[in-house]
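Visitor: below are the sequence and a predicted model for it; my questions follow.
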Amino acid sequence: VTLTSSDDKTFRVDRKSVRHAGTIENLITNMGLDDSEVDTSELPIPLSKVNGRTLEKIILWMDHYKDDPDYEMPTVLEILLAANYLDIKGLMDSCMKTVANNIKGHSSDEIRRRFHIVNDFTPEEEEQIERENTWCD
């Protein structure tokens, strides 16, 4: 199968590996291209929401289908969004596990810094949230 990223990078991917991607698998099936007689490598599938750098990492994961992503958090989040778009459940689970491990044991301020999240709560709203969630401590 040939996949084309949003920045026009082309990747040839083994048909077996693509089976992890529900979106691509459904497209191939719905177009009647799942017959082994049809050469799907000549029909590039455009992926308008996935850039080449991210698609390359996703293909590597689909080919080996094992380890959790070992990248910087912005890259993991890009991969997570693309895996959701492509409906790759195993990769989404791995990315979410990585995100959860990066959140676990950190304060809200540390998490905000790590994920570049702006705190838009007023001090009053923060106090109210603290009161409502004392059971979490």
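Guide: Nice, I can see it. Numbers count the residues shown, from 1 in each chain.

Visitor: okay, now the unreliable bits of this structure?
Guide: Along the chain, the model assigns pLDDT under 70 to residues 35-38, 40-41, 66-69, 137.

Visitor: all strands for it, in order.
Guide: With DSSP state E as the criterion, the chain has strands at 2-4, 10-12, 45-46.

Visitor: list the buried ones in stretch 42-50?
Guide: 45, 47, 50 (16 or more other CB atoms under 10 Å). From N, CA and C alone the C-beta is placed, and that goes for glycine too.

Visitor: how about a markdown table for those residues, with distance to residue 112 added?
Guide: Below are the buried residues of stretch 42-50 laid out as a markdown table (distance: CB to CB, whole Å):
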| residue | distance to residue 112 |
| --- | --- |
| 45 | 38 |
| 47 | 31 |
| 50 | 27 |
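
Visitor: and the closest residue to residue 103 other than its chain neighbours, how many neighbours does it have?
Guide: Nearest in space to residue 103, with sequence neighbours left out and distances taken as CB to CB, 6 or more residues apart in numbering, is residue 111 at 5.6 Å. Look at residue 111: counted by other CB atoms under 10 Å, it has 13 neighbours.
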